[in-house]
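Trainee: turn this into a structure:
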Amino acid sequence: MTSADDQTPTLFSRIVAREIPARIVAETDTVIAFHDIAPQAPLHVVVTTKTQQYANVVELAAGDPALLAELVAVATQVAEELAPAGHTPGQFRLIFNTGPEAGQTIFHVHAHVLAGTFKEGSLVGS
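Mentor: As a prediction, the model looks like this:
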């Protein structure tokens, strides 16, 4: 398990560094969004910070509320721009898994943007 204190680059840090390819859909100086490699809905995008300083959303909210607001703004933009056909833009789920018991497997704060039809209970951790 990688934590915010660990200096080993997380999977998401490696995507930010372009060491691992990803289908990037939005990017700012501090946030990046890309398609999930195992989508659970017609639209499934991961939005994360470029820094791995925060392991989860609770740490991010306490440490840098402005960065959390930017992450949410990018997630909203992605949901509006990439809404699946027949789905109302701007209506989406924004999911943060916090801790292993909640399904978090990558300990670098991130949110999942999901839109479109998907089966309830089908979400897996990350």
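Trainee: what helix or strand is the residue located most distally from the centre of the chain on?
Mentor: Relative to the centre of the chain, the most outlying C-alpha is that of Gly86, 23.5 Å out, by Cα atoms, centre = their mean. Assigned by DSSP states H and E, Gly86 falls within no helix or strand.
Trainee: Ala33 versus that one, what's the distance?
Mentor: 22 Å (Cβ to Cβ, to the nearest Å). Backbone N, C-alpha and C define where each C-beta goes, glycine included.
Trainee: going toward the C-terminus from the longest helix belonging to the chain, what's the next helix or strand?
Mentor: Taking DSSP state H as the assignment, the helix of the chain that covers the most residues is helix 65-81. Next in sequence after helix 65-81, counting helices and strands by DSSP H and E, comes strand 93-95.
Trainee: and that next one, which residues are buried?
Mentor: Arg93, Ile95 (16 or more other Cβ atoms under 10 Å).
Trainee: contacts for that strand next, please.
Mentor: Ala41, Val72, Ala75, Ala79, Ala111, His112, Val113, Leu114, Ala115, Leu123 (Cβ atoms under 8 Å, 6 or more residues apart in numbering).
Trainee: please name the strands paired to that strand in the sheet, noting orientation.
Mentor: strand 110-115 (antiparallel) (DSSP bridges).
Trainee: thought Ala75 was touching Val113?
Mentor: Yes: at 4.8 Å, Ala75 counts as touching Val113 under the criterion of Cβ atoms under 8 Å.
Trainee: which neighbours do those two share?
Mentor: Common neighbours of Ala75 and Val113 (Cβ under 8 Å, 6+ apart) are Ala33, Val45, Val47, Phe92, Leu94.
Trainee: which other helices and strands contact the host helix or strand of the third one?
Mentor: In the assignment (DSSP H and E), Val47 maps to strand 43-49. In this structure, strand 43-49 packs against helix 11-16, strand 31-35, helix 65-81, strand 110-115, with contacts taken as 3 or more Cβ pairs under 8 Å, 6 or more residues apart in numbering; DSSP states H and E.
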